[in-house]
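Peer 1: how would this look folded up:
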Amino acid sequence: CISFFLYSIKDESDTIWMDHPAFIVATGVSLYEAINFFVFLFYDVISEHMEEFGRTTMRIFSISYVILCILLAIVLFRAREKDERKKGLT
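Peer 2: The predicted structure follows:
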């Protein structure tokens, strides 16, 4: 994802990256990984000593997973709309 972001920054084309499906997928995966890296790294230790905090970290994981799924659904929906428009034009 980081290499994709660096490539999109260096790219000098007229592409609007905020609307590009690959940008949305890379953003979703980056957010998911950034949030959940520490959740999965320290979950065993945290859940053993502080049970309520362990539950809270699992809620954070669940919310970040839902955000990832919503971003993927947006990308798939836009791709389907684009495909339908192509079929309608031909």
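
Peer 1: wait, doesn't Pro21 sit right on Phe77?
Peer 2: No. Using Cβ atoms under 8 Å, Pro21 is not in contact with Phe77; the gap is 10.1 Å. Backbone N, C-alpha and C define where each C-beta goes, glycine included.

Peer 1: For these two, work out which one has more neighbours and name it.
Peer 2: More neighbours surround Pro21 than the other of Pro21 and Phe77, with 15 against 10 (other Cβ atoms under 10 Å).

Peer 1: got a list of what the more buried one touches?
Peer 2: Pro21 makes contacts with 75, 78-79, as judged by Cβ atoms under 8 Å, 6 or more residues apart in numbering.

Peer 1: residues in contact with Asn36?
Peer 2: Contact analysis of Asn36 by Cβ under 8 Å, 6+ apart lists 60-61, 64.

Peer 1: Could you look up the SS state of it?
Peer 2: Put simply, Asn36 is helix when judged by DSSP: H, G, I helix; E, B strand; the rest coil.

Peer 1: So which of the contacts of Pro21 is the closest to Val29?
Peer 2: Val75 (11.2 Å; Cβ to Cβ).

Peer 1: Quick check, pLDDT for the closest one.
Peer 2: On pLDDT, Val75 comes in at 89.

Peer 1: host element of it?
Peer 2: According to DSSP states H and E, Val75 maps onto helix 51-89.

Peer 1: Include pLDDT and neighbour count when you put the contacts of Asn36 into JSON lines, please.
Peer 2: Converted to JSON lines, the contacts of Asn36 look like this (pLDDT from 0 to 100; neighbours: other Cβ atoms under 10 Å):
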{"residue": "Ile60", "pLDDT": "89", "neighbour count": "14"}
{"residue": "Phe61", "pLDDT": "90", "neighbour count": "16"}
{"residue": "Ser64", "pLDDT": "91", "neighbour count": "18"}
